[in-house]
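Asks: sequence first, then the predicted structure:
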Amino acid sequence: MSDDSTPGQGLPPERGLPPERRLPPERELPPERQETADAQGRETAGAQGEDGGPRLTGRQRLAKAVWPPRVTRAQLIVALLLFVLGLGLAIQVRSTSENSALRGARREDLVRILDELDDRTKRLEDEKRQLEGQRTQLETSSDQAEEARKQTRQKAAQLGVLAGTVAAEGPGIRMTIKDRAGAADSDALLDAVQELRAAGAEAMEVNGVRVVASTHFTDSGGGVSVDGHRIEQPYRFEVIGKPADLEPALNIPGGVVQTLKNKQATVDVTRSGKITVDALRQAKRPDYARSSSQ
Amino acid sequence: MIAVLGLVVGVVAGLVVRPVVPLAVEPYLPIAVVAALDAVFGGLRAMLDGIFDDKVFVVSFLSNVVVAALIVFLGDKLGVGAQLSTGVVVVLGIRIFSNAAAIRRHVFRA
């Protein structure tokens, strides 16, 4: 910012200073000047008060340093450092402005996001492997039409369990809700169903009515209607799924069982190795929607 | 003038070349930039005061950057990295403001 001819910049007095500029003796003492120079970047009140006489004002010094451009050691060194500063500034600004959603996230959130992505990748890889296996079987099977029918039947059976058109059996839990005070209304039953679904229930029935995706619960005069079928107490849920997941899901603090018990209902959950869900419902043929995968 | 050119060239180079910062250095870059800014403001003020010295500027620039990075590094090791970075930024911010005030008094006489 300054060159060798600028007065009072901390150079040894024998280097390049015109003799008349050395006249004020108090500015010539090297230790004191060095001290003042060390204070740059620090608050040094009253430094400008020393300016006077032949000395330049700050504004003139700035103008002198900026124009005309002079190639001096000081200028080059400062230019190099400012280059580094500009580089760092630009890099930092650029890296802060991109993918800011993750940049601001806390470490725990990042770990969770990473875990979720890993899980998803694993599931998709599994699905891919399964589909590739099916394709290989279709391609290599001697009777391709029979193989395709077999796979279609498997698929239909899987979807039938979901849609409630076929009976299902497997491990799961039984839950019985007895309630004198009317606590187990449609809301409570719906909560229970949602909780069971979230815990991975695959097929459910309650008092002989199959629970599927479109099932609805309504209160109807002292009882509950499920899809229009009135059911009476006690409510018996038969649920197929992993018992070790389903039971804790119902029993968590503040969960379905505790809420119902707080309202004077009795809830009984038992695990079972073999639950049969044999209530069926008719597959409703959609009027407008057609499969788009054909 | 050449110094100002250096700053401009640095910004342009950073935006155009898009250099990749090593992962180990990345946490210290922002604090180092702020520390360097403090040194630059201090240097500008010293120049206006007529006491600018390139050697002092270089030493204060480098030591500012190193000390700031060191404090953040130490804070990370002690588990108070975020708080210590905030502290460093606050202190440097105060210094930048006081230097900017001195520069303003020189340039605008107000």
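Replies: Structure's in. What do you need? Residues are numbered from 1 along each chain as shown, chains lettered A, B, ... in the order given.
Asks: what residues sit buried inside the helix or strand hosting A:V93?
Replies: Per DSSP states H and E, A:V93 falls inside helix A:73-97. Residues of helix A:73-97 classed as buried by neighbour count (16 or more other C-beta atoms under 10 Å in any protein chain shown): A:74-75, A:77-79, A:81-92, A:95. (Each C-beta comes from the backbone N, C-alpha and C, glycine too.)
Asks: pLDDT wise, what is the residue nearest the centre of chain B at?
Replies: What sits nearest the mean C-alpha location of chain B, by C-alpha atoms, centre = their mean, is B:A36, with 1.7 Å. The confidence metric pLDDT takes the value 91 at B:A36.
Asks: report all helices and strands that the helix or strand containing it contacts.
Replies: In this assignment (DSSP H and E), B:A36 forms part of helix B:29-49. With contacts taken as 3 or more C-beta pairs under 8 Å, 6 or more residues apart in numbering or on different chains; DSSP states H and E, helix B:29-49 sits against helix A:58-66, helix A:73-97, helix B:54-78, helix B:81-108.
Asks: any residue of the second one up close to chain B?
Replies: Yep, that's helix A:73-97 we're talking about. Yes: part of helix A:73-97 sits near chain B under the criterion C-beta under 8 Å from any C-beta of the partner chain, namely A:73-92, A:94-96.
Asks: pLDDT on that helix, on average?
Replies: On average, the pLDDT along helix A:73-97 is 83.
Asks: state the distance from A:A105 to chain B.
Replies: Applying C-beta to the nearest C-beta, to the nearest Å, the value for A:A105 to chain B is 14 Å.
Asks: that residue in helix, strand or coil?
Replies: Using DSSP: H, G, I helix; E, B strand; the rest coil, the structure places A:A105 in coil.
Asks: show the pLDDT at the residue nearest to it when sequence neighbours are not counted.
Replies: Excluding the flanking residues, the one nearest A:A105 by C-beta to C-beta, 6 or more residues apart in numbering or on different chains is A:I113, at 7.3 Å. Model confidence at A:I113, given as pLDDT, is 88.
Asks: likewise for the one 10 residues further on?
Replies: Predicted confidence (pLDDT) at A:R123: the value is 94.
Asks: over to A:L190?
Replies: A:L190 is assigned 89 on the pLDDT scale.
Asks: so it is in which element?
Replies: A:L190 belongs to helix A:186-198, assigned by DSSP H and E.
Asks: closest one to A:R281 among the helices and strands packed on helix B:29-49?
Replies: Of all these, helix A:73-97 sits nearest to A:R281, with 54.7 Å by C-beta to C-beta.
Asks: check the offset of that closest one from the chain's centre.
Replies: Taking C-alpha atoms, centre = their mean, to the nearest Å, the mean C-alpha location of helix A:73-97 is offset from the chain mean by 35 Å.
Asks: same question for stretch A:116-132.
Replies: With C-alpha atoms, centre = their mean as the basis, stretch A:116-132 stands 19 Å off its chain's centre.
Asks: for it, list the C-alpha coordinates in PDB.
Replies: Listed next in PDB are the C-alpha coordinates belonging to stretch A:116-132 (Å, rounded to 0.1, in the frame of the first residue of the first chain):
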ATOM      1  CA  GLU A 116     -31.900 -43.600   5.800                       C
ATOM      2  CA  LEU A 117     -30.100 -43.400   2.500                       C
ATOM      3  CA  ASP A 118     -28.200 -46.600   3.200                       C
ATOM      4  CA  ASP A 119     -31.400 -48.400   4.200                       C
ATOM      5  CA  ARG A 120     -33.100 -47.200   1.000                       C
ATOM      6  CA  THR A 121     -30.200 -48.300  -1.100                       C
ATOM      7  CA  LYS A 122     -30.300 -51.700   0.500                       C
ATOM      8  CA  ARG A 123     -34.000 -52.100  -0.100                       C
ATOM      9  CA  LEU A 124     -33.700 -51.000  -3.700                       C
ATOM     10  CA  GLU A 125     -30.800 -53.400  -4.200                       C
ATOM     11  CA  ASP A 126     -32.800 -56.200  -2.800                       C
ATOM     12  CA  GLU A 127     -35.700 -55.400  -5.100                       C
ATOM     13  CA  LYS A 128     -33.400 -55.200  -8.000                       C
ATOM     14  CA  ARG A 129     -31.800 -58.600  -7.200                       C
ATOM     15  CA  GLN A 130     -35.300 -60.100  -6.900                       C
ATOM     16  CA  LEU A 131     -36.500 -58.700 -10.200                       C
ATOM     17  CA  GLU A 132     -33.300 -59.800 -11.900                       C
END
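Asks: out of the helices and strands packed on helix B:29-49, which gets nearest to A:E132?
Replies: Of all the helices and strands packed on helix B:29-49, helix A:73-97 sits nearest to A:E132, with 39.8 Å by C-beta to C-beta.
Asks: other SSEs contacting the closest one?
Replies: Using 3+ C-beta pairs under 8 Å, 6+ apart: helix A:73-97 touches helix B:2-17, helix B:29-49, helix B:54-78.
Asks: for those helices, which has the smallest mean pLDDT value?
Replies: Lowest mean pLDDT of those: helix B:2-17, a mean of 83.
Asks: could you check the angle helix A:58-66 makes with it?
Replies: Helix B:2-17 runs at 60 degrees relative to helix A:58-66, counting by axes from the mean of the first three to the mean of the last three C-alpha atoms, to 10 degrees.
Asks: neighbours around A:R197, how many?
Replies: Look at A:R197: counted by other C-beta atoms under 10 Å in any protein chain shown, it has 16 neighbours.
Asks: if you could redo that for A:T215, that was the one I meant.
Replies: So A:T215, with other C-beta under 10 Å, has 17 neighbours.
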